[in-house]
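Asks: Below are the sequence and a predicted model; questions follow.
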Amino acid sequence: MIHLLLSFLVTINLNAAINKDAIKTELLQKYAATYTDKKNLEKLKQDTLKYNSESVSALIEVMKNGKYPEKNRWVATFLLGQIMGDKSAPFISKFFKHPSWFMRMASLKTMLALKQKKYGPEYVSLLTDESLIVRAQALDNIRQLGLTKLAAPVWGMLYDKKNYYQATMNGKPLKLKRSNIIKNIITTIGELKFKEAQDPLLKMLQKDKYIDIFPEVELALSQITGKSSPASADLKAKRLFWHKVSLERNF
């Protein structure tokens, strides 16, 4: 009787293993294909989700193997997070150092979706990434997750030359110009209420060379100080308002 029971259990385990292998083979074939429209990508997602945790080994293989199309690797990263939840975070975080900016970006987006706050040091390291898109996403993770303790390195991004672009005229370099990420940095500083930035921001408002980011600087100051200039005030009046704030602060 015991012999029959053991044989039955072995058969069940063997069939389960065969079934998992079949699922992995099926999914890997689908992830190897190139999809050009959203409907096909959506079907790929649904085909994966119907297997739930049994799709995990295939998703990991797709993420790790560069032979699969980038879009599919992106989908695999998100679905691994969706299926495994917080348990997937340690594995996904390894892709912060992946040589492909695309996978670094996918891992950041997935960790944001999972609301992973404990990877702050890793987000900070990506604030200086060579890819502007990755830097912007790391910044967004910090902002959306409200990681106030990371405000100082965010402020430091204003002094990173990678966040500016070098225009030229007749082959000669002109002054560095601010890329769009600068506005996002200022906005994030305000949302994180980084008080150490208050004095520098007050000075920036008074200088014409920062006129292009005046709205972002003023909003950040309002969030940090709890004060706001009159909405109907013109530029001169707004500057006067913040000058008075500065005088009160230093009195």
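Replies: In hand now; what should we look at?
Asks: SS state for Tyr35?
Replies: When classified by DSSP: H, G, I helix; E, B strand; the rest coil, Tyr35 comes out as coil.
Asks: Skipping its backbone neighbours, what lies nearest it in space?
Replies: Computed as Cβ to Cβ, 6 or more residues apart in numbering, the closest residue to Tyr35 that is not its neighbour in sequence is Leu41, at 5.0 Å. Using the backbone N, CA and C atoms, a C-beta is placed for each residue, glycine as well.
Asks: now do Thr188
Replies: Arg143 (4.3 Å).
Asks: hang on, the earlier thing: so what does the helix or strand containing the residue nearest to Tyr35 touch, helix or strand wise?
Replies: Assessed by DSSP states H and E, Leu41 sits inside helix 38-49. Other elements packing on helix 38-49 under the criterion 3 or more Cβ pairs under 8 Å, 6 or more residues apart in numbering; DSSP states H and E are helix 2-31, helix 70-84.
Asks: ok but Lys175 is inside a strand, no?
Replies: Yes - checked against three-state DSSP, Lys175 lies within a strand.
Asks: which SS class is the closest residue in space to Ala89 that isn't next to it in sequence?
Replies: Residue nearest to Ala89 in three dimensions, not counting chain neighbours: Gln116, with 5.2 Å by Cβ to Cβ, 6+ apart. Taking three-state DSSP as the rule, one finds Gln116 in the coil state.
Asks: number of nearby residues for Gln116?
Replies: Gln116: 22 surrounding residues under other Cβ atoms under 10 Å.
Asks: cool, Lys109 as well?
Replies: Residues contacting Lys109 under the criterion other Cβ under 10 Å number 17.
Asks: So it versus Tyr159, what's the distance?
Replies: Look at Lys109 and Tyr159: by Cβ to Cβ, to the nearest Å, they are 26 Å apart.
Asks: repeat for Ile186
Replies: Going from Ile186 to Tyr159 by Cβ to Cβ gives 13 Å.
Asks: again with Met84
Replies: Per Cβ to Cβ, Met84 is found 38 Å from Tyr159.
Asks: The most centrally placed residue in the chain: which element?
Replies: The C-alpha lying nearest the average C-alpha coordinate of the chain belongs to Gln137 (Cα atoms, centre = their mean; 3.0 Å). Take DSSP H and E as the rule and Gln137 turns out to sit in helix 132-144.
Asks: Render the CA-only coordinates of the strand or helix carrying Arg239 in PDB, please.
Replies: Assigned by DSSP H and E, Arg239 belongs to helix 235-250. Only the C-alpha atoms of helix 235-250 are listed here, as PDB (Å, rounded to 0.1, in the frame of the first residue of the first chain):
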ATOM      1  CA  LEU A 235       7.200  89.400 -11.700                       C
ATOM      2  CA  LYS A 236       8.400  92.600 -10.000                       C
ATOM      3  CA  ALA A 237       5.900  92.300  -7.300                       C
ATOM      4  CA  LYS A 238       6.600  88.600  -6.700                       C
ATOM      5  CA  ARG A 239      10.300  89.300  -6.500                       C
ATOM      6  CA  LEU A 240       9.600  92.100  -3.900                       C
ATOM      7  CA  PHE A 241       7.500  89.700  -1.900                       C
ATOM      8  CA  TRP A 242      10.200  87.100  -1.700                       C
ATOM      9  CA  HIS A 243      12.900  89.700  -1.000                       C
ATOM     10  CA  LYS A 244      10.900  90.700   2.100                       C
ATOM     11  CA  VAL A 245      10.700  87.000   3.000                       C
ATOM     12  CA  SER A 246      14.500  86.800   2.700                       C
ATOM     13  CA  LEU A 247      14.900  89.900   4.900                       C
ATOM     14  CA  GLU A 248      12.600  88.500   7.500                       C
ATOM     15  CA  ARG A 249      14.600  85.200   7.500                       C
ATOM     16  CA  ASN A 250      17.900  86.900   8.000                       C
END
